[in-house]
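1. From the sequence below, what's the structure:
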Amino acid sequence: MTDSPDFHELSSQAEDLLGKLGDIKTPEGQALRERVNQAVESAKSAISEAGDGAAEAFKNALVSADDYVHENPWLAVGLVAGIAGAVGFLAGLVAAPKKRLFWN
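-> Residues are numbered from 1 along each chain as shown. From the prediction side, this is the model:
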């Protein structure tokens, strides 16, 4: 999750800011540097946790679907066949030339 270009750009800008704040020797400058550093670390942690949570939720959904299919195989086959039939029917309607299906 932390491999996105936007995150890397934001992270590098924050590090540049921290470097510039490091040149300031006043107590206020040092306090500001510490707050920015904490905010960057907090953001990194939050992004990492969000990615981990999403991956865990996706994994749980896959396990639940797998369990359901193993418990109800014929229902799953029927459901997939019904969905495939509906998609095929709709694709045929879209791809076919416009014809009347019933009387004039």
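
2. Roughly how far does the residue positioned nearest the centre of the chain sit from residue 47?
-> By C-alpha atoms, centre = their mean, the chain has its centre lying nearest to residue 54, at 7.0 Å. Using C-beta to C-beta, to the nearest Å, residue 54 is found at 11 Å from residue 47. For glycine as for every other residue, the C-beta is placed from the backbone atoms N, C-alpha and C.

3. With residue 36 instead?
-> For residue 36, the distance to residue 47 - C-beta to C-beta - is 17 Å.

4. before we move on, what about residue 94?
-> Separation of residue 94 from residue 47 (C-beta to C-beta): 41 Å.

5. In this structure, where is pLDDT below threshold?
-> Within the chain, the stretches with pLDDT under 70 are 1-5, 7, 20-24, 97-104.

6. quick one: the helices in it?
-> For the chain, helices defined by DSSP state H occupy the ranges 5-22, 27-71, 73-95.

7. how far out from the middle of the chain is the first one?
-> Between the centre of helix 5-22 and the centre of its chain there are 24 Å (C-alpha atoms, centre = their mean, to the nearest Å).

8. For that helix, which helices and strands make contact with it?
-> Applying 3 or more C-beta pairs under 8 Å, 6 or more residues apart in numbering; DSSP states H and E, one finds that helix 5-22 makes contact with helix 27-71.

9. likewise the longest one?
-> If contacts are counted by 3+ C-beta pairs under 8 Å, 6+ apart, helix 27-71 sits against helix 5-22.

10. got the contact list for the helix it packs on?
-> The set of residues external to helix 5-22 that reach it, using C-beta atoms under 8 Å, 6 or more residues apart in numbering, is 29, 32-33, 36-37, 39-40, 44, 47.
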